[in-house]
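*Asks:* sequence and computational prediction follow.
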Amino acid sequence: MDKPFEYQVEWDPAKAAANVKKHRVTFEEAASLFLDPSALTFWDPDHSEQEDREITIGRSARRRVLFVAHAPRDGRVRIISARRATRQERKQYEEAVGEATQ
């Protein structure tokens, strides 16, 4: 990555490979959405039993709106999964940043 992050982003290589096959989104692209100043981050209570998890919806470096599940760990972010945002999630993001929905 060319641009520095405010914090380190990490992931499991096997999970990253499986994610590309399932969702066609690389974790490298997913990491780029953390540079989006308009990204929306929410706590994920449904998946936070064993560790705190968050969801971020934002625009990646490829200009796609993504949904990324991740866990904060000691000043780092561990990506768990990433996919293209659903129509409803895109609308939520676009309304928050004042963009017209497509």
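*Replies:* Great, that's in hand.
*Asks:* can you report how many residues lie near Ile55?
*Replies:* Neighbourhood size, Ile55 [other C-beta atoms under 10 Å]: 18. For the C-beta atoms, the positions are set from N, CA and C on the backbone; glycine is no exception.
*Asks:* if you could redo that for Ala31, that was the one I meant.
*Replies:* Number of residues near Ala31 (other C-beta under 10 Å) recorded here: 23.
*Asks:* and if you look at Gly98?
*Replies:* Using other C-beta under 10 Å, Gly98 is surrounded by 7 other residues.
*Asks:* what separates it from Ser38, distance-wise?
*Replies:* Note on Gly98: its distance to Ser38, by C-beta to C-beta, to the nearest Å, is 9 Å.
*Asks:* repeat for Thr26
*Replies:* 21 Å.
*Asks:* what's the answer for Asp46, then?
*Replies:* In this view, Asp46 and Ser38 are 24 Å apart by C-beta to C-beta.
*Asks:* who has more neighbours out of those two?
*Replies:* Neighbour tally, Asp46 and Ser38, criterion other C-beta under 10 Å: the higher count belongs to Ser38, 13 against 8.
*Asks:* now do the contacts for that one.
*Replies:* By C-beta atoms under 8 Å, 6 or more residues apart in numbering, the residues touching Ser38 are Gly58, Arg59, Tyr93, Ala96, Val97.
*Asks:* pick out the residue nearest the middle of this protein.
*Replies:* Val68 (2.6 Å; C-alpha atoms, centre = their mean).
*Asks:* compute the number of surrounding residues for Val97.
*Replies:* That count, for Val97 with other C-beta under 10 Å as the rule, works out to 15.
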